[in-house]
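> Pasting the sequence and the predicted model now:
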Amino acid sequence: EAEKLIKDVFQLSQYGKNLYITNSIKNSLTKTINSNFNFKNLINKKVSLQTKLNILMDEIINNKSSSKDKFKQKNSIELEIQNINEKINNDFPAIKKKLNKKFYTVNDVQSKLSVNELLIVFDSHLSPFAHIISKNNHDTFFSNVPIRDLHNFSFLFRNEIFKKDSKELKRSLKIFYKALFDQIESKIDKNSKITIITDQYTENLPFGIFYNEKNNKYLIEEYSISYHPSVGSFVELRNDKSIKYINYDNAFLGIGDPLLQEKTLKDFVFSISNLSLNTRGILDDTNIIKEKFKNLPYSEYELKKIGKIFKKKKLLLSNQANEANVKNINLENYDIISFATHAGISGSLNESSEPFLVLTPPEESSLINDGILTASEVSQLNLNAKLVILSACNTAAKENEYASGFSGLVASFFNAGAQSILATHWNVDDKTTATMIIETIKKSVNQNINLSDALRLTKIEFISGKHGEKYKHPKYWGAYVIIGN
């Protein structure tokens with residue numbers, strides 16, 4: 001009975017978190033909803049029922065009420081939602097996949113895992129809690145550490161990472177390891193390949209930088225780690241039997257080095273050792289893209305270097321790296337798509353309430369080309385990509401507006417059809433990005449290994465000092481994460 005209860009809790013925990021549809025993706029459906037009266041009524045009714053169900057599930061999960069009447073209400077509302085979904089599926093099949101998401105069981109997850117794989121699903125409330133699922137086992141983790149204290153500490157840490165040396169920083173990273181992984185590690189096999197689904201309290205933390213004082217190693221030195229936005233994305237993306245490792249024959253599309261300011265000699269002649277040449281951050285409170293975003297000299301180098309790995313490639317650089325070209329090209333023809341540019345968070349520009357990627361701005365703005373590719377615009381693209389590379393700042397970090405499970409940009413690229421995404425948790429400089437991305441792709445192709453393994457090997461090179469003594473610091477290698485397959 002206890003085992004069945006834990007499995008039920010796992011399925012219930014997906015309510016409110018299973019969908020990796022953010023506000024940006026919902027915005028892209030607005031025209032469809034508003035243009036059809038019957039469809040709009042169905043959606044409004046479903047939203048109302050889903051709200052009631054979420055409130056009810058919160059009461060049940062948090063032991064506010066567990067009466068039989070509550071479960072009857074739950075079953076009744078679920079049946080109503082099911083009937084609405086069936087009508088949407090029959091009358092509006094084109095958006096069936098976007099609006100009708102399933103809640104998966106532990107058995108569903110286990111059927112997608114290999115023997116050496118592990119899925120860790122965080123679902124914390126007052127204290128850290130996680131489901132630990134392997135091919136043949138389902139366990140749980142619980143800690144007495146107050147989760148809000150840990151969450152607040154994670155924000156302090158993100159400021160500290162740029163200020164402290166490695167020795168000082170390890171004290172903070174040790175706290176995260178003890179609070180969130182020490183107990184989990186005692187329950188798992190050392191050879192495990194780990195996929196993590198974070199919750200709202202752990203989503204700002206790349207687990208690979210956690211520090212184990214006992215063996216003097218970062219977690220990434222011990223395990224291959226990747227992420228998924230939700231249980232639903234984990235199961236559904238693995239249903240695609242066509243997924244394979246990237247290889248030389250794949251088609252590559254590189255978009256970057258947007259023309260933002262008049263180029264100077266500094267943009268063409270730069271020192272290989274100058275790590276702080278430029279960062280892919282954003283300057284707040286501006287309306288004029290060209291005035292507020294710097295050129296990115298290393299982004300052209302990065303894309304050309306990656307392009308040499310593949311037999312088929314196309315590069316959109318400088319003036320060609322514009323929104324109109326991105327929207328007009330047949331993106332389904334490309335297996336790997338890389339955006340090497342700035343990223344902005346929600347509210348960074350007055351014109352945009354969404355996160356966005358910066359491209360070469362036009363002389364005159366239009367609906368198809370205003371210089372920024374927003375998350376809702378991304379979600380309307382048609383992709384068939386094995387990998388999307390977002391080598392820009394904060395592409396994995398979540399903004400408050402967006403649902404749990406990575407940023408609106410990441411979620412939107414999944415919605416558009418990407419199978420996996422390489423993103424970053426904080427501002428990344430040009431040279432480090434170029435080295436990290438190029439070396440990871442080369443390893444994946446040359447050694448025929450998956451992306452999380454390739455990224456792990458590249459990070460270990462940084463930690464060992466292969467790319468320079470100062471690059472051992474986690475601020476240079478810790479931000480990069482693989483999300484998806």
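Good, I have the coordinates. Numbering: from 1, shown residues only.

> For residue 313, what is the enclosing helix or strand?
Using DSSP states H and E, the element containing residue 313 is strand 312-318.

> quick one: average confidence on that strand?
Average pLDDT, strand 312-318: 95.

> May I see the buried residues of whatever helix or strand comes next after that strand?
Per DSSP H and E, the first helix or strand lying C-terminal to strand 312-318 is helix 323-328. For helix 323-328, burial by neighbour count (16 or more other CB atoms under 10 Å) applies to 323, 326. Quick note: C-beta positions are derived from backbone N, CA and C, even for glycine.

> by contact count, what packs against helix 323-328?
strand 372-374 (3 or more CB pairs under 8 Å, 6 or more residues apart in numbering; DSSP states H and E).

> What strands flank the strand it packs on, and is each parallel or antiparallel?
When pairing is defined by DSSP bridges, strand 372-374 lines up against strand 356-358 (antiparallel).

> I'd like to know which helix or strand in the chain has the lowest mean pLDDT.
Of all helical and strand segments in the chain, the minimum by mean pLDDT, DSSP states H and E falls on helix 265-268, at a mean of 41.

> circling back to that earlier point, hmm, who's touching the strand holding residue 313?
249-259, 300, 303-304, 307, 322, 325-326, 329, 334, 360 (CB atoms under 8 Å, 6 or more residues apart in numbering).

> Inside strands: which ones of those residues?
Applying DSSP state E to these, the entries found in strands are 251-258.

> closest to residue 158 among those?
Nearest to residue 158 out of these is residue 256 (CB to CB; 25.5 Å).

> how close does that closest one get to residue 304?
Noted for residue 256: a distance of 10 Å to residue 304, by CB to CB, to the nearest Å.

> Mind checking which of the two has more residues around it?
residue 256 (27 against 16; other CB atoms under 10 Å).

> give me every residue that touches that one.
Residue 256 neighbours (CB under 8 Å, 6+ apart): 296, 299-300, 302-303, 316-317, 321, 338-341, 391.

> where does the stretch 201-350 of the chain have low pLDDT?
Within the stretch 201-350 of the chain, the stretches with pLDDT under 70 are 240-243, 261-294, 345-350.

> SS state for residue 168?
Following DSSP: H, G, I helix; E, B strand; the rest coil, we place residue 168 in the helix state.

> Quick check: nearest residue in space to residue 228, chain neighbours excluded?
Nearest residue to residue 228, sequence neighbours excluded (CB to CB, 6 or more residues apart in numbering): residue 234, at 4.3 Å.

> Residue 441 now?
Per CB to CB, 6+ apart, closest to residue 441 is residue 306, 5.6 Å.

> which residues sit in contact with that neighbour?
Residues near residue 306 by CB under 8 Å, 6+ apart: 252, 254, 336, 338, 437-438, 441.

> same check, this time on residue 190
For residue 190, the contacting residues are residue 222, by CB under 8 Å, 6+ apart.

> and it, what pLDDT?
81.

> Check which residues of the helix or strand harbouring residue 141 are buried.
Assigned by DSSP H and E, residue 141 belongs to strand 138-142. Residues of strand 138-142 classed as buried by neighbour count (16+ other CB under 10 Å): 138, 140-141.

> Please apply the same query to stretch 116-127.
Within stretch 116-127, the residues scored as buried using 16+ other CB under 10 Å are 117-124.

> show me what contacts the nearest residue to residue 53 once chain neighbours are set aside?
Leaving aside its chain neighbours, residue 53 sits nearest to residue 77 (4.8 Å; criterion: CB to CB, 6+ apart). Listed by CB under 8 Å, 6+ apart, the contact set of residue 77 reads 49, 52-53, 56.

> what's the answer for residue 335, then?
Applying CB under 8 Å, 6+ apart, the residues near residue 335 are 246, 250-252, 384-387.

> go on, residue 234?
Listed by CB under 8 Å, 6+ apart, the contact set of residue 234 reads 109, 112, 119, 195, 197, 228.

> Name the SS class of it, please.
Assignment for residue 234 (three-state DSSP): helix.

> how close does it get to residue 104?
8 Å.

> cool, residue 319 as well?
With CB to CB as the criterion, residue 319 and residue 104 are 46 Å apart.

> okay, the two: which has more neighbours?
Shown here are residue 319 and residue 104; by other CB under 10 Å, residue 104 has more neighbours (20 against 12).

> Would you agree the more buried one falls within a helix?
No - counting by three-state DSSP, residue 104 falls outside a helix, being coil.

> Looks like it contacts residue 232 (just checking).
Yes - the criterion here is CB atoms under 8 Å, and residue 104 meets it with residue 232 at 6.6 Å.

> How is residue 112 classified with respect to secondary structure?
Under the three-state scheme (three-state DSSP), residue 112 adopts coil.

> Check it and give its pLDDT.
Looking at residue 112, its pLDDT is 93.

> Backbone torsions only: list them for it.
Main-chain torsions, residue 112, degrees, to the nearest 10: phi -100, psi -10.

> give the contact list for it.
234-235, 238-239.

> Just the buried residues of the residues you listed.
Going by neighbour count (16+ other CB under 10 Å), the contacts of residue 112 have 234-235, 238 buried.

> Out of these, which comes closest to residue 453?
For the buried ones among the contacts of residue 112, the nearest to residue 453 is residue 238 (16.8 Å; CB to CB).

> Report the contact partners of the closest one.
Applying CB under 8 Å, 6+ apart, one finds that residue 238 lies in contact with 112, 485.

> Against residue 111, how distant is it?
For residue 238, the distance to residue 111 - CB to CB - is 9 Å.

> Please apply the same query to residue 380.
Using CB to CB, residue 380 is found at 32 Å from residue 111.

> Check residue 246 too.
In terms of CB to CB, residue 246 sits 25 Å off from residue 111.

> that older thread, with distance to residue 376 added, can I get the buried ones among the contacts of residue 112 in JSON lines?
Output for these, formatted as JSON lines (distance: CB to CB, whole Å):
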{"residue": "234", "distance to residue 376": "24"}
{"residue": "235", "distance to residue 376": "25"}
{"residue": "238", "distance to residue 376": "27"}
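
> Any buried residues in the helix or strand harbouring residue 60, and which?
Element membership for residue 60, per DSSP H and E: helix 37-61. Across helix 37-61, burial judged by 16+ other CB under 10 Å covers 39, 42-43, 46, 49-50, 53, 56-57, 59-60.

> which secondary structure elements does it contact?
helix 2-12, helix 30-34, helix 68-91.

> Compare these and say which comes out lowest on pLDDT.
Confidence, taken as mean pLDDT, is least for helix 30-34 of the helices and strands packed on helix 37-61 (a mean of 59).

> wait, is residue 226 part of a strand?
Yes - the assignment for residue 226 by three-state DSSP puts it in a strand.

> List the residues that contact the closest residue to it other than its chain neighbours.
Nearest residue to residue 226, sequence neighbours excluded (CB to CB, 6+ apart): residue 452, at 3.9 Å. Neighbouring residues of residue 452 by CB under 8 Å, 6+ apart: 193, 224-226, 482.

> What's the first helix or strand after whichever strand or helix holds residue 452?
Remark: residue 452 resides in helix 451-464, with elements defined by DSSP H and E. Of the helices and strands lying after helix 451-464 in sequence (DSSP H and E), the nearest is helix 474-477.

> Now do the very next helix or strand once past that next one against helix 451-464, angle only.
The first helix or strand that comes after helix 474-477 along the chain, using DSSP H and E, is strand 480-484. Angle, strand 480-484 to helix 451-464, by axes from the mean of the first three to the mean of the last three CA atoms, to 10 degrees: 170 degrees.
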